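K.L.:
Quick check, what structure comes out for this input:
(one chain, ligands or ions: 1)
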Amino acid sequence: ADLHNLTVQEAAAEADKLRPQLVQWGKEYYENDQPTVPDAEYDQVYNRLVQLETAFPSIVTPDSPTQRVGGQVDSDFTKVPHPIPMLSLGDVFSAAELNQFVERLQQDYPEVQEFNCELKIDGLSIALRYEQGRLVQGSTRGNGTIGEDITANVKTIASVPQTLSRPIDIEVRGECYMGKEAFLALNQRRELAGQAIFANPRNAAAGSLRQLDPQVTAARHLSTFMYNVADYADLEATTQSGMLTELRELGFSVDPDYQVAHNLDEINAYIEKYQAARDQLSYGIDGIVIKTNSLALQQTIGHTVKVPKWAIAYKFPPEVARVQIEDIEWTI
Ligand SMILES: CC(C)(CNC(=O)c1ccc(Oc2ccccc2)cc1)c1ccc2c(N)nc(N)nc2n1
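P.N.:
I've put the predicted structure just below:
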């Protein structure tokens, strides 16, 4: 029944029915990995219990599944400010526009002679904060200046290091994504359970990260590729490519496909290489990011309110889902 016309007693009665159900399903899931219900059904019942307990805090019991360590009762996540904003990227959709961007940049700043080319992974941006080399907070990009706290969830992602190789304070940003295989498997499970499937890997990753229950996130096989440091003052690197190498040495998962380019021809060769290899990659990419390689020059060139002026995203046309013609019913 709709939350608003429930009495406290009715809410308590409904919650008392849902809890043992979730505990039972949780046991099947976490102990012998034999869930009798699909994730989506678990999520649905869990979120109903969260709604009931949020609307009627007096009915919360200490043993409620929502009170598990790391679980959060409030359905909206704690907000996390990004003092150093997580900027967006300007987009271009053709070689001509890309050439224009590079030529104009080199006209304004002739000293720009090196670029770093990186894949643009089809996921969502996250920030990871470490103190003395230990993970203390994970957050989503949100609107670039305010994100959501997803610390408990990022801790379940295998590629997120809990401890770095050096005990430094650092905030690292990158992409959280779901690989193609994990995406297809998840959608097959949801299809079998008659649940709505995710339209693309990005939505699947976002839905999996924004789970109130970290154990559900853990089962979604998320991956990360880190690509930026909020304040790189303590790093040795003086270039974007060097910073990525240093991030890998610190223990982060970094996409190895980055490559330094010295001119438009080398940039275009990189783009052609990955446009051709797109289907073979184990994760989705929606473009290529070209950055001025020198970190000092990045600071000189600067940024607008929303995007850096020393980087551009060259976007690929959206991958079309191939459907065999014989699968389509023709109405004559
Ligand atoms: C370049 C940047 C926008 C990150 N950089 C920033 O967010 C950023 C943030 C503050 C900056 O400068 C400031 C420092 C202090 C205060 C304000 C701004 C500069 C860059 C970006 C965004 C998305 C990317 C993506 N999907 N894939 C790859 N491979 N790279 C990406 N790179």
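K.L.:
going forward, measure contacts and count neighbours with C-alpha atoms only.
P.N.:
Noted.
K.L.:
quick one, what contacts the closest residue to Ile170 other than its chain neighbours?
P.N.:
Leaving aside its chain neighbours, Ile170 sits nearest to Tyr130 (5.3 Å; criterion: C-alpha to C-alpha, 6 or more residues apart in numbering). Contact analysis of Tyr130 by C-alpha atoms under 8 Å, 6 or more residues apart in numbering lists Val136, Gln137, Ile168, Asp169, Ile170, Glu171.
K.L.:
Is Tyr130 bridged to anything, and to what?
P.N.:
Beta bridges link Tyr130 to Leu135, Ile170, judged by DSSP bridges.
K.L.:
hey, where'd the strands end up in the stretch 201-332 of the chain?
P.N.:
Secondary structure of the stretch 201-332 of the chain (DSSP state E, counting those that start in this stretch): strands at 223-229, 259-261, 285-292, 311-315.
K.L.:
Could I get those in TSV, plus columns for distance to Ala158?
P.N.:
Conversion of those to TSV gives the following (distance: least, C-alpha to C-alpha, whole Å):
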stretch	distance to Ala158
strand 223-229	7
strand 259-261	26
strand 285-292	21
strand 311-315	28
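K.L.:
Going by distance to the ligand, which of the contacts of Tyr130 wins?
P.N.:
The nearest member of the contacts of Tyr130 to the ligand, counting by C-alpha to the nearest ligand atom, is Glu171 at 11.2 Å.
K.L.:
Just confirm Phe198 is within a helix.
P.N.:
No. Counting by DSSP: H, G, I helix; E, B strand; the rest coil, Phe198 is not found in a helix; it is coil.
K.L.:
related to what we said a few turns ago, from the contacts of Tyr130, which two are the most distant?
P.N.:
Taking C-alpha to C-alpha, the two most distant members of these are Gln137 and Ile168; they sit 14.3 Å apart.
K.L.:
What about Gln106, how many residues nearby?
P.N.:
The number of residues packed near Gln106 is 13, by other C-alpha atoms under 10 Å.
K.L.:
Isn't it up against Val112?
P.N.:
Yes. Assessed by C-alpha atoms under 8 Å, Gln106 is found in contact with Val112 at 5.9 Å.
K.L.:
which bits of the chain sit near the ligand?
P.N.:
Selection of the chain residues close to the ligand by C-alpha under 6 Å from any ligand atom yields 84-89, 118-120, 227-228, 289, 308.
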